[in-house]
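Q: pasting the structure only:
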């Protein structure tokens, strides 16, 4: 059994980690910390876990995280980088669900996240935890930077054609829509039901923190810088990201073949038949990215549609997938459930 | 492995049965029928099942239902009663998720369902599949009438105090709220998103088909007729029933004790601490009835709050629970997952 | 033109007052205050008002409220009672949308609202602003206590039969459901979209602040104390309250006749045909209470269904209705718009 | 008073027309037809109109449409073209809210709408009813083709920069999101609450009927063919369209100035401050297009955000605006209400 700890489990990625790990046959949940809620039973905050998780939140200081094999950080940005060095020294392996170790260029990171990085040397060691790209590096990693939700959906959608050098990198557009849980479990007016409900809007259209993460990935796939426009939107659903991706691709390209070949062995990427329209609800609760594509009016613009559950393949599920890889388990362990529809 | 067939799997109880059964370790899904959709792959209609269910819908006539151990009817009312006799004669055991075998009084059934019953003699044999009441009768049953969604939530909420003779049966009120999936996957105007969304209304306040089913159960618990007022409402959520139950109970009664004792050994009823407020989302996707109670102003009216997922404990999950009992399996097999929150 | 001021206009009742008053032909909006947002243009916070309201929030200290004819308090409980005396002395008439002046029994008020009342003598003077009951007292009033949202829906539903002495006051049940805007525009976790969406729950079932206000009204109608059980629920819609009311009424009573007669001259109460089911969306944005009733199984329990928009007839619209009455205007001025459906 | 008739008023554009026209000070609503619902009171189908609209649906054959000054067609595509000739001959002026007269190229229309056009000669006469472009032609028109919902939002967003020749027409992207009411009031499974709720998907990504209408408009603005990719999405809200538009624009261009100048005199287009994010709810129920723009990373891609209420500025409201223009009234008459928020 893998001894697992969670730092900061009071948000949505935290409760989703708990939902997944509580059913995982090889995991022993040892500790979950929260400074503010220390002493409260987890199931009191998240009643869906009554009968499944008996732990209470413990104070981060007292928590015996060092005795764990794997520690997940489900914390705000800037927390993991403060604690990672000590835990690694204690022999603990880390999966950070926040952004601390995702961007290799420290200057870029510090600009977008507005703080000084506490351990740049660990950024160099950290492995970007997108298994479809980095599986072999994830396996032995001590420190995995779990990708962001938008970056997961966008990168998996652009990757096959960029890697194959078949998409024009001159004008890539990623028009993305996220459910409200993507904003976290924070007491903020704009994500109230009466504000975000029955409403649709773009936000951060001039620049969102996930932009440098996505650009870093796409440039790596393409082997050169790409010109990306990324606009996120808030849509009134709880879970789900829908990325609509636009790029020029020569009409002669067998797009379906490229996608099917690239993801043939991937357990958590489902390439649908051409001209399908994947629905976010088809992956609700599932660790899956579902993709299809269109070529409107048989022109040279290809539209790729990519959906994930932002809390699963976009966060907690992908983290468990990374844990499985790191621990030499079947990658699907604890994650092999269909989405919940309706 | 239990060989399972499903008749009429194109509705919400059908897709939910498939979601649950596709993960059930002792089930082999043999056949699923649909007259209208014969030939279509199940996963084409329900894309969440891509990779989990490989079956296509088959024509009811051709389907080899007789070779199954268990056949679920996820059909409209009036279908199972036409086919049950033949299947039973072939040695198949049946779980009907519709209403054909729920009401013991044929005259009452025919009045509320507006048709003549095709096999009254099987009604007498059928076992009402509420495990918390009828477990020992379900085990050997050939024909189980799976309870309705409202009746499940209401009966489990009233049962402990009625059985104990502690509630005044003179004015019982069941004010119930259902998510829209309870109306089924039918092309009807009132359940369109733009009609049922951002809207709340009562319906069938003068009389709903689940009334006689509930009354039959409550009278059985009380050992005498009860005076019940039942008003269902449509609320803009997808899954979930919330029953708010009102009854007079003497102030001296230890209500919490009565509930905890009654459900102490029940795997799928969760009695919360007194004065809790169970949320429908806490049981979303889970086969669970969560209950709590209040005594406002320390008066003699007790308010019981009972929530279920109408598609799980209110339909498909309870049907799988019944199957487990009938087949001598651990009752929790395939059903032991927490609700999905958020 | 009536010179109008609003104290505390950053909540939902504030923006709704502004929406209604900006179209009112006899109103000149002079000042709107907010301590926190002083200096911000109202239309920056509420972009629907761009082009309709040019005011900026001003500091409460500086605001020239005394020059107004009418001042609305759209503030939290406990604010109006601090400022009312001075404004009244300055000759300003006040409509308080909070609870400060609704409960005549100071002790009861202090118990439920958890603070000491600052001006009990004004409570005695204040008129409870339910026009269907108090129109003649509202007309000359200096200080009107605008009713709460639940109390409006519940009182209008119970009133005709209680006033006529036709309902048994021994067990009245008010099972009420509110949209999330009823909780206000406050940064609180339980009313986040990802918490309140796709979810249904009761809250404050053991005791809600609107209980004493409702009981006070019902007892007045009945001419004696009543035994009321009131349970509020949170339902995932933005606007709307649905009250489902249960009471015993002798079978001989012509309920439809009682309602139609009682509300024959009321411009903002719509008695639907018997056995209708009023929908909350039918009054969305409208200053209207729509009512119907049922007598299930022709028994002696009558179920009354009463719907309002909690922000309009349940708050801002009723306040404008009161203003019209106080100022001798046509009661419907600025309020004569149908609900928005869908 | 303008005598007005509505053909086919049982859909969402019909009820919205009624909501707007019932308050219009210069309109006398004479007749509303529906073949299926002839005899039913309008307010029975749309209870929000109780007390505001006393008409019943009448049979199209019997309806005295010829006595009207203006007839609105709120019918499915292909109906108005059958009846327009006769009504025009009778001296009636027509506003068609469907697509029959929007596309000037009959061959293109017949290809996308899958039927033969019944009166191509009237297409040549018809005026495309986008007032911001065609006001002077609308004024004397006998036959106005009211624009589609997507085309309204997209054209108003692209128009200023295309007209000014400042946008590269080589790769225009219109990523559009619509609320579910845009699909109409039709009994179809994909727009059920339990299907479209808590879900997001693209649809018709390979080609949607509004594409040729949009392309026709954009080409006219640009004075040459444009290369447009248009992808519509279904988002779980009732009303609202959000168009996110991408185009290359030289960095030297004063985009804000171009927009403000172009729409300076338009009563129903609101150019927000640069880098704003217009919300669909800010125009809910209002006849308004709200627009802002961004230039991410100060690059050469400009992102324009354009929102409307699909039933108002995208359908019924724009139709009333056209009627006002045609009848020489103040263009804002009956339309001068702010959006409803929350």
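A: That came through, no problem. Given the structure is predicted, the values throughout are model-derived calculations rather than measurements.

Q: quick one: the helices in chain A?
A: Here chain A has its helices, by DSSP state H, at A:12-21, A:42-45, A:80-89, A:106-113, A:120-125, A:131-138, A:149-163, A:193-196, A:210-222, A:255-262, A:317-326.

Q: I'd like these laid out as CSV, including mean neighbour count, mean pLDDT and distance to chain B.
A: (Each C-beta comes from the backbone N, C-alpha and C, glycine too.) Converted to CSV, these look like this (neighbours: other CB atoms under 10 Å in any protein chain shown; pLDDT from 0 to 100; distance: least, CB to the nearest CB, whole Å):
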stretch, mean neighbour count, mean pLDDT, distance to chain B
helix A:12-21, 26, 97, 6
helix A:42-45, 19, 96, 9
helix A:80-89, 18, 96, 23
helix A:106-113, 16, 97, 25
helix A:120-125, 14, 97, 31
helix A:131-138, 18, 98, 16
helix A:149-163, 27, 98, 14
helix A:193-196, 26, 98, 11
helix A:210-222, 21, 98, 21
helix A:255-262, 17, 98, 14
helix A:317-326, 27, 98, 12
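
Q: Among those helices, single out whichever gets nearest to residue C:149.
A: helix A:193-196 (13.5 Å; CB to CB).

Q: Show me what the closest one is packed up against.
A: helix C:193-196 (3 or more CB pairs under 8 Å, 6 or more residues apart in numbering or on different chains; DSSP states H and E).

Q: Check the offset of the helix it packs on from the chain's centre.
A: When C-alpha coordinates are averaged (CA atoms, centre = their mean, to the nearest Å), helix C:193-196 and its chain have centres 25 Å apart.

Q: hmm, stretch A:293-313 in reach of chain D?
A: Yes - judged by CB under 8 Å from any CB of the partner chain, stretch A:293-313 comes into contact with chain D at A:294, A:295, A:296, A:297, A:299, A:301, A:303, A:305, A:307.

Q: tell me the mean pLDDT over that stretch?
A: Stretch A:293-313 shows a mean pLDDT of 97.

Q: Between its first and last residues, how far does it reach?
A: 20 Å (CA to CA, to the nearest Å).

Q: Direction included, what does the lengthiest strand in chain A pair against?
A: Longest strand of chain A, by residue count under DSSP state E: strand A:167-178. Strand A:167-178 has its sheet partners listed here by DSSP bridges as strand A:228-234 (parallel), strand A:241-249 (antiparallel).

Q: Can you pull the residues of chain A lying near chain C?
A: A:12, A:179-181, A:183, A:185-189, A:191-198, A:236, A:238.

Q: Go ahead and build a ChimeraX selection from the buried members of those residues.
A: With 16 or more other CB atoms under 10 Å in any protein chain shown as the criterion, this ChimeraX line picks the buried residues out of the residues of chain A next to chain C:
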select /A:12,179,180,181,183,185,191,192,193,194,195,196,197,198,236,238
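
Q: Pretty sure residue A:130 sits against residue A:155.
A: Yes - using CB atoms under 8 Å, residue A:130 makes contact with residue A:155 at a distance of 6.4 Å.

Q: Identify the contacts common to these two.
A: Common neighbours of residue A:130 and residue A:155 (criterion: CB atoms under 8 Å, 6 or more residues apart in numbering or on different chains): A:147, A:217.

Q: Could you tell me how far residue A:236 is located from residue A:188?
A: Note on residue A:236: its distance to residue A:188, by CB to CB, to the nearest Å, is 16 Å.

Q: Export the helices of chain A to JSON lines and append columns for distance to residue C:52.
A: As requested, the helices of chain A are exported to JSON lines (distance: least, CB to CB, whole Å):
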{"stretch": "helix A:12-21", "distance to residue C:52": "37"}
{"stretch": "helix A:42-45", "distance to residue C:52": "42"}
{"stretch": "helix A:80-89", "distance to residue C:52": "47"}
{"stretch": "helix A:106-113", "distance to residue C:52": "38"}
{"stretch": "helix A:120-125", "distance to residue C:52": "51"}
{"stretch": "helix A:131-138", "distance to residue C:52": "51"}
{"stretch": "helix A:149-163", "distance to residue C:52": "36"}
{"stretch": "helix A:193-196", "distance to residue C:52": "20"}
{"stretch": "helix A:210-222", "distance to residue C:52": "36"}
{"stretch": "helix A:255-262", "distance to residue C:52": "49"}
{"stretch": "helix A:317-326", "distance to residue C:52": "46"}
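
Q: And these: which comes nearest residue D:85?
A: Nearest of the helices of chain A (CB to CB): helix A:255-262, 47.0 Å.

Q: near chain D at all, that closest one?
A: No - with CB under 8 Å from any CB as the criterion, chain D is not reached by helix A:255-262; the gap is at least 12.6 Å.

Q: Which elements pack onto that helix?
A: Contacts defined by 3+ CB pairs under 8 Å, 6+ apart place helix A:255-262 against helix A:149-163, strand A:269-271, strand A:289-294.

Q: elements contacting the first one?
A: Using 3+ CB pairs under 8 Å, 6+ apart as the contact test, the elements touching helix A:149-163 are helix A:131-138, strand A:167-178, helix A:210-222, strand A:228-234, strand A:241-249, helix A:255-262, strand A:289-294, strand A:301-308.

Q: returning to that earlier point: in JSON lines: the strands paired with strand A:167-178, plus mean pLDDT and mean neighbour count.
A: Formatted as JSON lines, these follow (pLDDT from 0 to 100; neighbours: other CB atoms under 10 Å in any protein chain shown):
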{"stretch": "strand A:228-234", "mean pLDDT": "98", "mean neighbour count": "24"}
{"stretch": "strand A:241-249", "mean pLDDT": "98", "mean neighbour count": "25"}
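
Q: Lovely, talk soon.
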